[in-house]
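J.: With the sequence up front, the predicted model follows.
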Amino acid sequence: MQSASQQLESQDIKVKLLLSGGHEYNIYLKSDAPVLHNLLTTVVARAYKQESTCHGLFQIPMNEGSSLLSFPSEHLVGVVTEPPILVQQIEEVKPKNTDIFPSYYVQIDNFFKPKEYKRLLEYVLKKESAFVPTSTSTNDENYRRSMVLYSFPEFSELILKKIKAMIPDVISKLGLPSFSISQIESQMTSHNDGNYYKIHNDNGSPDTATRELTYVYYFYQEPKPFSGGELLIYDSKISNNLYVKAETFKTVEPRNNSIVFFLSRYMHEVLPVSCPSKAFADSRFTINGWVRR
Ligand SMILES: O=C(O)CCC(=O)C(=O)O
Ligand SMILES: [Fe+2]
């Protein structure tokens, strides 16, 4: 769905939310905030009696995060934006088979404190011999090349605690309805010279279906000893009533000591890594996993 809100440079927008029952709330949002896009498309969908693409609960932090406004999407009657944001004409908001649903992600820098990050790098270098080659659910040999470490109790507890604390903020930044977490999985990976992971999603099989969010934490030695290894997250479109990959995508730089969150259902891939030294210590390392509902 194409709306004018997507074309603005990021700026602060004063947004008055008009809710059923005559309630009004003033909030401030960035013009490129996914939640603003969802608010506008919800109003547009109601105006044209379409199914909203974001049915569910809105949860919007207020007063610099000290309070949270929650309301079901069907209670949203209107939105007043200052400066004005025009949503384009009916022809362009009608869902067509060719509509692109943009993918959204959140990337947070300085995830581990410097001491934790240093300890993690020292740890991974000692664990080289415990890493094993990765496989995929289809066992296709040319789909994925990397190494994985499944057990690292010294860090999995710490990362789970930090991720749990971040989830409410991540959910709100992604404009998602909240959900209760049943489990958070984690693994450590290394990508060395020529390694990659072709286009896939992370919840496409019965045993992965409850994965809601994927997270990837990146770490490596400085100066950066490899190139490539970008994460591409594809936008979606609807074809035959199914979400499928669009041609367009977002490119995520695997920034040192940053963590990325996105919907596990998005199609994504890891571009080939070039690591001239081929030394394990020079790999693109991650701790990644999935938040299950
Ligand atoms: O390493 C990355 O950037 C993403 C890894 C990934 O997609 C996965 O393990 O499912
Ligand atoms: Fe993945």
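T.: Structure's in. What do you need? Ligands and ions are numbered 1, 2, ... in the order given.
J.: check contacts around the residue nearest in space to the middle of the chain.
T.: Geometric centre of the chain, nearest residue: residue 262, 1.6 Å, by Cα atoms, centre = their mean. By Cβ atoms under 8 Å, 6 or more residues apart in numbering, residue 262 lies in contact with 103-106, 174, 213-214, 233, 268. Any C-beta I mention is one placed from the backbone N, CA and C, and that applies to glycine too.
J.: For the residue of the stretch 151-293 of the chain found nearest ligand 1, which non-adjacent residue is closest in space?
T.: Here the stretch 151-293 of the chain gets closest to ligand 1 at one residue, residue 231, 3.9 Å apart by Cβ to the nearest ligand atom. Nearest non-adjacent residue to residue 231, counting by Cβ to Cβ, 6 or more residues apart in numbering: residue 252, 4.1 Å away.
J.: in which helix or strand would I find residue 80?
T.: Element membership for residue 80, per DSSP states H and E: strand 76-82.
J.: what about that strand, average pLDDT?
T.: In this model, strand 76-82 carries a mean pLDDT of 92.
J.: Only C-alpha atoms, please: export the longest helix along the chain in PDB.
T.: Longest helix in the chain by number of residues, with DSSP state H as the criterion: helix 153-173. Provided in PDB are the C-alpha atoms of helix 153-173 (Å, rounded to 0.1, in the frame of the first residue of the first chain):
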ATOM      1  CA  PRO A 153      25.700 -21.300  28.600                       C
ATOM      2  CA  GLU A 154      28.200 -18.600  29.600                       C
ATOM      3  CA  PHE A 155      26.400 -16.100  27.300                       C
ATOM      4  CA  SER A 156      23.000 -17.500  26.400                       C
ATOM      5  CA  GLU A 157      21.600 -16.500  29.800                       C
ATOM      6  CA  LEU A 158      22.900 -13.000  29.500                       C
ATOM      7  CA  ILE A 159      21.700 -12.500  26.000                       C
ATOM      8  CA  LEU A 160      18.200 -13.900  26.800                       C
ATOM      9  CA  LYS A 161      17.900 -11.500  29.700                       C
ATOM     10  CA  LYS A 162      18.900  -8.500  27.600                       C
ATOM     11  CA  ILE A 163      16.500  -9.500  24.800                       C
ATOM     12  CA  LYS A 164      13.600 -10.000  27.100                       C
ATOM     13  CA  ALA A 165      14.000  -6.500  28.500                       C
ATOM     14  CA  MET A 166      14.100  -5.100  24.900                       C
ATOM     15  CA  ILE A 167      11.100  -6.900  23.400                       C
ATOM     16  CA  PRO A 168       8.300  -4.400  24.500                       C
ATOM     17  CA  ASP A 169      10.200  -1.500  22.900                       C
ATOM     18  CA  VAL A 170      11.000  -3.600  19.700                       C
ATOM     19  CA  ILE A 171       7.400  -4.600  19.400                       C
ATOM     20  CA  SER A 172       6.300  -1.100  19.700                       C
ATOM     21  CA  LYS A 173       8.900   0.200  17.200                       C
END
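J.: quick one: it to chain centroid distance?
T.: For helix 153-173, the separation from the chain centroid amounts to 14 Å (computed by Cα atoms, centre = their mean, to the nearest Å).
J.: One more: stretch 217-226?
T.: Its chain's C-alpha centre and that of stretch 217-226 lie 21 Å apart, by Cα atoms, centre = their mean.
J.: Residue 127 and ligand 1, how far apart?
T.: Applying Cβ to the nearest ligand atom, to the nearest Å, the value for residue 127 to ligand 1 is 17 Å.
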